[in-house]
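Trainee: for reference, the sequence and a predicted model appear below.
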Amino acid sequence: MNAQITAALLGLALAGSILYLVRRDHLHGPYALWWLIVAAATLVLGFVPRTIDWLAHLSGIAYPPVLPIIIGLSLILLRLLQLDIERSRQERQIRRLNQKLAILEEELTSLRRSVATRSDSGNRPA
Amino acid sequence: MSNQQIGSCPCLAVIPARNEQDTVGEVVRGVMAALDCAVLVINDASTDDTAAAAAQAGATVITLPFQLGAWGATQAGMRYALRNRHERVITLDADGQHHPDQLPRLLRAHMDGGSDVTIGICPERLSAAKRLAWAYFRLITGLTVTDFTSGLRVYGRRAIRALASREASLIDYQDIGVLILLRRKSLRIAEAPTVMSARRNGGSRIFSSWFTVARYMVATTVLSIARVGARERRRRATEVSAQ
């Protein structure tokens, strides 16, 4: 019974902090959805640990306690993979932004200079 | 120098430079003397006076907000060339190892050869370690190139377009990844012998320490293996979205 309370408390704490973060807008769009699902899962598993036995029975796993570990680990791996894909995409965008910014900056400078030389006043800072 | 002037010039010399204030000015003047073309120096977030030295020598200078490395800087030059409608891009290093007086010869070899990329090579200059490394890369990439890392290259219009694309933005080193991409686009790569001298200040960036060599070899091997068999799969139309 004690273990049951611990599990429920852990699930509650995790789900609570995720909900708090989502509500405070610290998680962006699709990430919020993912974490809400995780929060719901921890709540269910924390309060109804029997779910695991039932799932293990369904999937034919003889030792139910390894099931959450397997599922958890695979989800973490998938999530890491997805994060690296996302990071690569952002890296590409950042590099291209960097280059575009540099090119536009040069264009702006040379345009300003040609405007300054064309204007009669001449003493306007370029 | 205004953009209109540059835009009318068919050829653009692209010189990526990071902390090369002692040599970049001389290189820029040399290129301008050797070829009647616009010179673009991409200042890869230098911490010294590279930009000022290059501008003083008469080059157009693009300053990257933060460091991208040699290829990122060169690609900025490619995008600039595409934007300003240059027909050809000549890249060379800012450290003075490539002699500007070799450029007309290289350019002629490029025009006569009709290839999309012409690499200026200097076979005598390759060390035993480099020869071994290049033999290994020839084996795993299937590319028939003598010197993979030579920064002295002439790119034609199609190559510029391919290399300015988003696809080329995640390349980390300017050599093999670039060549593999070009081959995938079915572009022709040729080589022309040139004369080069040893770097005046400091050694090669890649061949500086065993750790960097190892990292470079691993990264390039992974890249080569990942790209095995990856040839022109996508439509040519993707090239249009470059820039």
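Mentor: That came through fine.

Trainee: so where is chain A shaky, pLDDT-wise?
Mentor: Low-confidence segments of chain A, defined by pLDDT under 70: A:1, A:120-126.

Trainee: contact residues of it facing chain B?
Mentor: A:88, A:91-92, A:95-96, A:98-103, A:105-107, A:110-111, A:113-114 (Cβ under 8 Å from any Cβ of the partner chain). Every residue, glycine included, has its C-beta placed from N, CA and C.

Trainee: please spell out the ChimeraX selection for the buried subset of the residues you listed.
Mentor: Buried subset of the residues of chain A next to chain B, written as a ChimeraX selection, criterion 16 or more other Cβ atoms under 10 Å in any protein chain shown:
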select /A:95,96,98,99,102,103,106,107,110,114
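
Trainee: among the residues of chain A next to chain B, name the ones in helices.
Mentor: A:88, A:91-92, A:95-96, A:98-103, A:105-107, A:110-111, A:113-114 (DSSP state H).

Trainee: can you pull out the helices in the chain?
Mentor: With no chain named, the answer covers chain A. Under DSSP H, chain A gives helices at A:2-23, A:29-47, A:50-59, A:66-118.

Trainee: the chain in question should be chain B.
Mentor: Under DSSP H, chain B gives helices at B:3-7, B:24-34, B:50-56, B:69-83, B:103-113, B:128-141, B:157-164, B:176-184, B:210-226.

Trainee: out of those, which is closest to residue A:64?
Mentor: helix B:210-226 (39.9 Å; Cβ to Cβ).

Trainee: so which elements touch the closest one?
Mentor: helix B:128-141, helix B:176-184 (3 or more Cβ pairs under 8 Å, 6 or more residues apart in numbering or on different chains; DSSP states H and E).

Trainee: mind putting these into JSON lines with mean pLDDT, mean neighbour count and distance to residue A:69?
Mentor: Output for the helices and strands packed on helix B:210-226, formatted as JSON lines (pLDDT from 0 to 100; neighbours: other Cβ atoms under 10 Å in any protein chain shown; distance: least, Cβ to Cβ, whole Å):
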{"stretch": "helix B:128-141", "mean pLDDT": "83", "mean neighbour count": "14", "distance to residue A:69": "39"}
{"stretch": "helix B:176-184", "mean pLDDT": "88", "mean neighbour count": "21", "distance to residue A:69": "39"}
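
Trainee: so which of those helices gets nearest chain A?
Mentor: helix B:176-184 (13.4 Å; Cβ to the nearest Cβ).
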